[in-house]
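>>> the following comprises the amino acid sequence and a computationally predicted model.
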Amino acid sequence: MKTNKIIKKGLLILSGIFVLFAAILLFHIITAKPPVYDTPNLQVSRIDFKSDIDSLQARKICADLRSIKGLTSDSIIVKRNVVVYFHNNKITNSEKVFNELMAKGRYDAHRYILPANLADKEVCPMNQNSLSYRLSQKINRFFN
């Protein structure tokens, strides 16, 4: 008899703790605000070099690009005679970056400009008429 009362009390306490934690979790989910990032203004740009880029030139190009305002140090990729970089389009644009880079060093390069037929293409890889896309949008709107 005494053990049954202890077991019942223990289960009651455990269920109370579970309900309390569930209520706290629900409160946090309901009152959570979506994070606000200051990075939706990042834009990717590219510079094509006509000659091969060796490791020394790559370091110099990266150093020159890092000194330009609006670029971050971890957003520069040098591969196969192409430099890809991310810049904040509120601070600078690809033309200014290219001109500043050419002023810092005499490189044989040209700025890559996206063809007009590709500029108008949609970049979302998901079919926006699909059920999974609409369901994920509704869930996202519910929590945000």
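Nice, thanks for sending it over.
>>> tell me where the model's unsure across this protein.
Counting by pLDDT under 70, the ranges of the chain that qualify are 1, 37-40, 73-75, 122, 144.
>>> all strands of the protein, in order?
42-49, 71-79, 82-88, 109-111 (DSSP state E).
>>> let me know which of these is tucked in deepest.
strand 82-88 (a mean of 19; mean count of other CB atoms under 10 Å). Any C-beta I mention is one placed from the backbone N, CA and C, and that applies to glycine too.
>>> helices or strands next to that strand in the packing?
For strand 82-88, the elements it packs on are strand 42-49, helix 55-66, strand 71-79, helix 94-104, judged by 3 or more CB pairs under 8 Å, 6 or more residues apart in numbering; DSSP states H and E.
>>> nearest to Q137, of those?
Each of the helices and strands packed on strand 82-88 has some distance to Q137 by CB to CB; the shortest is strand 42-49, at 22.9 Å.
>>> what sits up against that closest one?
Under the contact criterion CB atoms under 8 Å, 6 or more residues apart in numbering, strand 42-49 has outside partners 75, 81-89, 93-94, 97-98, 101, 107-112.
>>> same check, this time on stretch 78-86
42-53, 58, 61-62, 65, 71-72, 75-77, 97, 109, 112.
>>> same thing but at 10 Å, please
39, 42-53, 55, 57-59, 61-62, 65-66, 68, 70-72, 74-77, 94, 97-98, 101, 107, 109, 112 (CB atoms under 10 Å, 6 or more residues apart in numbering).
>>> ok, stretch 102-114 next?
45-51, 53, 57, 60-61, 63-65, 67-68, 81-84, 94-95, 97-99, 101, 119-121.
>>> among those, name the buried ones.
45, 47, 49, 53, 61, 64-65, 68, 83, 94, 97-98, 101 (16 or more other CB atoms under 10 Å).
>>> how far does the longest helix belonging to the chain sit from its chain's centre?
Ranked by residue count and defined by DSSP state H, the top helix of the chain is helix 2-31. Relative to its parent chain, helix 2-31 has a centroid offset of 39 Å by CA atoms, centre = their mean, to the nearest Å.
>>> and that helix, what's buried?
Buried residues in helix 2-31, counted by 16+ other CB under 10 Å: none are found.
>>> what's it packed up against?
On a contact count with 3 or more CB pairs under 10 Å, 6 or more residues apart in numbering; DSSP states H and E, helix 2-31 meets no helix or strand.
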